[in-house]
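Colleague: Task: produce atomic coordinates for the following.
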Amino acid sequence: MLKIKRVYDDVSNQDGKRILIDRVWPRGINKEELKHDEWYKDIAPSTELRKWFDHDEEKWTDFKKKYKKELESHQDTLEDIRKDADGHNVTLLYAAKDEKHNHAIVLKEVLEN
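Modeller: Residues are numbered from 1 along each chain as shown. Predicted coordinates for the structure are as follows:
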């Protein structure tokens with residue numbers, strides 16, 4: 001089962017494998033502090049796309065389309081995550097403040113379809 005969670009939220013026994021999916025390390029978190037099993041920074045939106053979007057809700061629909069297009073070139077990583085989630089919990093970790101408009105939502109949607 002796939003879940004998404006902010007890196008700043010408490011760790012849970014239900015998290016299963018914890019995968020950081022941000023391109024840059026989360027602010028305010030020491031690398032030894034964050035409990036995570038993998039860091040797939042290449043699956044995050046490109047720097048250009050991230051800066052363009054800048055968490056502007058008006059760009060959300062276009063961001064989703066552009067990010068899904070970028071994800072097409074990461075089929076191996078997507079498949080690795082799908083395999084990990086087959087019968088097991090996997091939590092995708094992200095740092096964005098906006099819990100309704102972020103790349104983790106898009107990534108989870110792509111992985112589940």
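
Colleague: From now on I want contacts and neighbour counts done on CA atoms only, so please keep to that.
Modeller: OK.

Colleague: Contacts only, for residue 99.
Modeller: Contacts for residue 99 were tallied using C-alpha atoms under 8 Å, 6 or more residues apart in numbering; there are none.

Colleague: what secondary structure does residue 93 sit in?
Modeller: Under DSSP: H, G, I helix; E, B strand; the rest coil, the three-state class of residue 93 is strand.

Colleague: which residue packs closest to it, ignoring adjacent ones?
Modeller: residue 20 (4.6 Å; C-alpha to C-alpha, 6 or more residues apart in numbering).

Colleague: ok, which stretches of this structure are strands?
Modeller: Secondary structure of the chain by DSSP state E: the strands cover 2-6, 17-20, 38-39, 90-94.

Colleague: what would these look like in TSV with mean pLDDT, distance to residue 55 and mean neighbour count?
Modeller: Converted to TSV, the strands of the chain look like this (pLDDT from 0 to 100; distance: least, C-alpha to C-alpha, whole Å; neighbours: other C-alpha atoms under 10 Å):
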stretch	mean pLDDT	distance to residue 55	mean neighbour count
strand 2-6	97	15	19
strand 17-20	98	19	23
strand 38-39	96	22	14
strand 90-94	98	13	24
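
Colleague: Out of those, the one nearest residue 113 is which?
Modeller: strand 2-6 (11.9 Å; C-alpha to C-alpha).

Colleague: does the residue nearest to residue 93 really touch residue 41, like I thought?
Modeller: Yes. With contacts counted by C-alpha atoms under 8 Å, residue 20 reaches residue 41, the gap being 7.4 Å.

Colleague: What count of nearby residues applies to residue 64?
Modeller: 18 (other C-alpha atoms under 10 Å).
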